[in-house]
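# A structural model of the following input is requested.
(one chain, ligands or ions: 1)
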Amino acid sequence: MAQAKKAVAKTSRKQTTRSAVRSAVKIYQNYIGGKWVPSESGEMFEDLNPADNRDIIGRFPLSTSDDVNRAVNAAQEAFDRWRHTPAPRRAELLFRLGEILIANKDRFAADMTREMGKVLKETGGDVQEAIDCTYYTAGEGRRLHGFTTPAEMPDKFAMCVRQPVGLCGLITPWNFPMAIPSWKLIPALVCGNTVVLKPAEDTPLSTYNLVMACEEAGIPPGVVNLVTGYGETVGAAMTNHPALRLIAFTGSTETGRIVASACAERNAICSLEMGGKNAIIVMDDADIDLAIEGAVWGAFGTSGQRCTASSRLIVHKRVYKQFVSKLVEHVKTLRVGNGADPKTDVGPVINADAVEKIMGYIQIGRNEDGARLACGGKRLSRGDYAHGYFIEPTVFADATADMRIAQEEIFGPVTTVLPTNSLEDAISIANGVRYGLSAAIYTQNVNRAFRAMNELYTGIFYVNASTIGAEVHLPFGGTKATGNGHREAGTQVLDIFSEWKSIYVDFSGKLQRAQIDMIETL
Ligand code: NAD
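Numbering: from 1, shown residues only. Below you'll find the predicted structure:
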């Protein structure tokens, strides 16, 4: 269902650009076995600017399962050599990659704003996250720690080492089009795996830039392979490919379930990073101005299109009125526009399909749920907005926990304020959704902060800060419908991209049977 919608969105975006000038449009290719090659189908799809869909950024291969097969074969051919390359040597190439990303940061950020829409300072942050991830994870090339442990027999040695998983398929979304691919790619490589990478169809250029940088860094042919195209063809071919031992996926919970089922069928490892419905709790002792700054940044940064977006604000009744009125006042000052304009606070949403979904939720909030529309609520489509996908930053107030706008992931510039009369009630509301990615509390009271920290069932938690702002050296991921128990980033990501091998060395020169031969205390 989700894929069908995505494909339709793509088609409709193409239709809107039929009259655009096409001659100068750059043609991009897949990267397979160290060569830039067209797709077997010869067909292309267009990467469009969501702030102005007359602006065609490039044409990318509309790949098929044949291209996935070629990429997997290339990854297979490269695997033995790459896994036998000592990890510190692999890491040296990754450090070089980090330098190339730094040198190109401004250009990559500009490309990303053009294809994805978020404002330049945020796309700079996206590239920076890829840089941070690269440096941090490359350092693992000289660690990749295993451990030794006592054996239960004399003259026997026991240890545990990390081994690469093998060939990995990486499937990524459009909202962090360089950071998220890097979060999978870099640890996969440092652990000695080879990969096939499929970026989201809305943002192939940023991932292309990352892969170009890998080539420039000297990462050998076949180690990194890029195949662009739609999820239901390329993504599905990857998840079903018997040689891809691991699929690392970030995207919606609906698609994640399809990916997980396909992986379960063939016993492939599957790591999933999926949706969120993140809450900020604002207590009556909070610094209200600080809480509002955090709420606005968390709800409307990246036009609300973050898995960690602050889409629910649970506010104590004693400060509720004050909070809502200050929030609305602040939100009304946000300037919506092209992310390339330094004056813009909130860029467009990603495509026509997203506009339809978000406007649908705004209707649900007003009509079906009966929440109070405190500000925003309209699509902007006149003047400078005429050819883009712009929606006013929207605040619903006086909502209840069971409303659809308070339960479902909207993934747009919409947030919902819910009143509460106690910390216990606020925690229960915050936990009462199917997702479990991020949560936050604003309070001056250390007991309340620790109580919330203990009781909120999420993978990430903030005190006196918004629900967004993860750092690469801490594990990232969520509970419930947000994930399946894995964590990216930190050293924890190594547990996705490597497998443990337990090794026993018996130097006694005789048969020693564990659990059977009883050793007398010496
Ligand atoms: P999506 O699920 O539509 O697509 C994600 C990727 O999956 C894309 O590359 C897409 O082409 C591919 N895909 C689609 N159908 C497929 C199929 N049948 N088989 C294999 N692959 C398929 O998600 P999106 O719209 O790109 O991203 C938004 C979602 O991602 C939101 O729900 C957001 O919360 C989530 N997200 C989560 C995190 C996290 O770390 N938890 C981070 C960013 C985004």
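# does the ligand sit close to whichever strand or helix holds residue 416?
Per DSSP states H and E: residue 416 is located in strand 414-420. No - using CB under 6 Å from any ligand atom, strand 414-420 stays clear of the ligand, with a minimum separation of 13.9 Å. Using the backbone N, CA and C atoms, a C-beta is placed for each residue, glycine as well.
# looking only at pLDDT, what's the mean for that strand?
For strand 414-420, mean pLDDT is 98.
# Next: stretch 372-385.
Here stretch 372-385 scores 98 as its mean pLDDT.
# what's the answer for stretch 272-282, then?
Stretch 272-282 carries an average pLDDT of 98.
# Check which helices and strands the strand holding residue 416 sits against.
Strand 414-420 sits against helix 288-300, strand 310-316, helix 317-331, helix 352-363, strand 394-397, helix 423-431, with contacts defined as 3 or more CB pairs under 8 Å, 6 or more residues apart in numbering; DSSP states H and E.
# List just the one of those that sits closest to the ligand.
The minimum distance between the ligand and the helices and strands packed on strand 414-420 falls on helix 352-363, with 8.1 Å, by CB to the nearest ligand atom.
# May I have that closest one as CSV, with CA atoms only?
C-alpha atoms of helix 352-363 as CSV (Å, rounded to 0.1, in the frame of the first residue of the first chain):
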residue,chain,number,x,y,z
ALA,A,352,2.5,15.9,-3.6
ASP,A,353,1.7,12.6,-1.8
ALA,A,354,2.9,14.1,1.5
VAL,A,355,0.8,17.2,1.0
GLU,A,356,-2.3,15.0,0.5
LYS,A,357,-1.5,12.9,3.6
ILE,A,358,-0.8,15.9,5.8
MET,A,359,-3.8,17.9,4.7
GLY,A,360,-5.8,14.8,5.2
TYR,A,361,-4.7,14.7,8.9
ILE,A,362,-5.5,18.4,9.3
GLN,A,363,-9.0,17.6,8.1
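# how far does it sit from the chain's center?
How far helix 352-363 lies from its chain's middle: 21 Å, per CA atoms, centre = their mean, to the nearest Å.
# Repeat that for stretch 307-325.
Using CA atoms, centre = their mean, the mean C-alpha position of stretch 307-325 is found 25 Å from that of the whole chain.
# returning to what we had before: to residue 278, which of the helices and strands packed on strand 414-420 lies closest?
strand 310-316 (5.8 Å; CB to CB).
# Tell me which strands that closest one pairs with, and in which orientation.
strand 278-282 (parallel), strand 414-420 (parallel) (DSSP bridges).
# what mean pLDDT does the host helix or strand of residue 125 have?
Assigned by DSSP H and E, residue 125 falls within helix 120-138. Helix 120-138 carries an average pLDDT of 98.
# I'd like to know which elements it is packed against.
Helix 120-138 makes packing contacts with helix 87-103, helix 105-116, helix 179-190 when contacts are defined by 3+ CB pairs under 8 Å, 6+ apart.
# Between helix 87-103 and the second one, find me the angle.
With axes from the mean of the first three to the mean of the last three CA atoms, to 10 degrees defining the directions, helix 105-116 sits at 80 degrees from helix 87-103.
# What ranges does the stretch 151-300 of the chain have for its helices?
Shown for the stretch 151-300 of the chain, the helices assigned by DSSP state H, counting those that start in this stretch span residues 179-190, 204-217, 236-239, 253-265, 288-300.
# residues from the stretch 151-300 of the chain in reach of the ligand?
171-176, 180, 198, 200-201, 230-232, 235-236, 239, 250-252, 255, 258-259, 273-276.
# swap the cut-off to 8 Å and go again
Where the stretch 151-300 of the chain comes near the ligand, counting by CB under 8 Å from any ligand atom, the residues are 171-176, 180, 198-202, 229-232, 234-236, 238-239, 249-256, 258-259, 262, 273-276.
# May I have the strand holding residue 416 as CSV, with CA atoms only?
Output of strand 414-420 as CSV, limited to C-alpha atoms (Å, rounded to 0.1, in the frame of the first residue of the first chain):
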residue,chain,number,x,y,z
VAL,A,414,1.7,19.7,12.5
THR,A,415,1.9,19.3,16.3
THR,A,416,-0.8,18.6,18.8
VAL,A,417,-1.1,20.0,22.3
LEU,A,418,-2.7,17.9,25.0
PRO,A,419,-3.5,19.1,28.6
THR,A,420,-2.5,17.0,31.6
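# ok now it, how far from the chain's centre?
Offset of strand 414-420 from its chain centre (CA atoms, centre = their mean): 25 Å.
# That strand vs helix 317-331, what angle?
In terms of direction (the same axes, to 10 degrees), strand 414-420 departs from helix 317-331 by 160 degrees.
# I would like the residues contacting stretch 261-272, please.
Stretch 261-272 is contacted from outside by 165, 236, 239-240, 242, 244-250, 256, 259-260, 483-484, 486, 488, 496, using CB atoms under 8 Å, 6 or more residues apart in numbering.
# Also stretch 286-295?
With CB under 8 Å, 6+ apart, stretch 286-295 has contacts from 280, 282, 310, 313, 316, 319, 322-323, 326-327, 330, 415, 440, 442-444, 464-466.
# what mean pLDDT does it have?
Average pLDDT, stretch 286-295: 98.
# List the buried residues in that stretch.
Neighbour-count burial for stretch 286-295 flags 286, 288, 291, 292, 294, 295 (criterion: 16 or more other CB atoms under 10 Å).
# how distant is that stretch from the center of its chain?
Distance, centroid of stretch 286-295 to centroid of chain: 26 Å (CA atoms, centre = their mean).
# now do stretch 281-288
In terms of CA atoms, centre = their mean, the centre of stretch 281-288 is found 29 Å from the chain centre.
# Likewise for stretch 345-360?
What separates the centre of stretch 345-360 from the centre of its chain is 18 Å, taken as CA atoms, centre = their mean.
# which residues are contacting it?
Residues contacting stretch 345-360 (CB under 8 Å, 6+ apart): 5-6, 8-10, 12-13, 16, 48, 50-51, 113, 116-119, 174-175, 202, 300, 302-303, 305, 334-339, 379, 388-391, 393, 410-414.
# When you filter the residues you listed down to buried only, what's left?
Neighbour-count burial (16+ other CB under 10 Å) is assigned, among these, to 6, 9-10, 13, 48, 50-51, 113, 116-119, 174-175, 202, 300, 302-303, 305, 334, 336-339, 379, 388-391, 393, 410-414.
# dump the residue contacts of the nearest residue to residue 105 once chain neighbours are set aside.
Nearest in space to residue 105, with sequence neighbours left out and distances taken as CB to CB, 6 or more residues apart in numbering, is residue 127 at 4.9 Å. Counting by CB under 8 Å, 6+ apart, residue 127 touches 101, 105, 108, 109, 112, 178, 179.
# who wins for neighbours among those residues?
Across the contacts of residue 127, neighbour numbers were computed from other CB atoms under 10 Å; residue 178 holds the maximum, 31 neighbours.
# residue contacts, that residue?
Contact analysis of residue 178 by CB under 8 Å, 6+ apart lists 108, 112, 126, 127, 129, 130, 206, 207, 209, 210.
# And the residue nearest to residue 105, how far from residue 224?
According to CB to CB, to the nearest Å, residue 127 and residue 224 sit 18 Å apart.
# ok, now residue 64?
For residue 64 relative to residue 224 (CB to CB), the value is 20 Å.
# In terms of neighbours, single out the busier of these two.
More neighbours surround residue 224 than the other of residue 64 and residue 224, with 29 against 18 (other CB under 10 Å).
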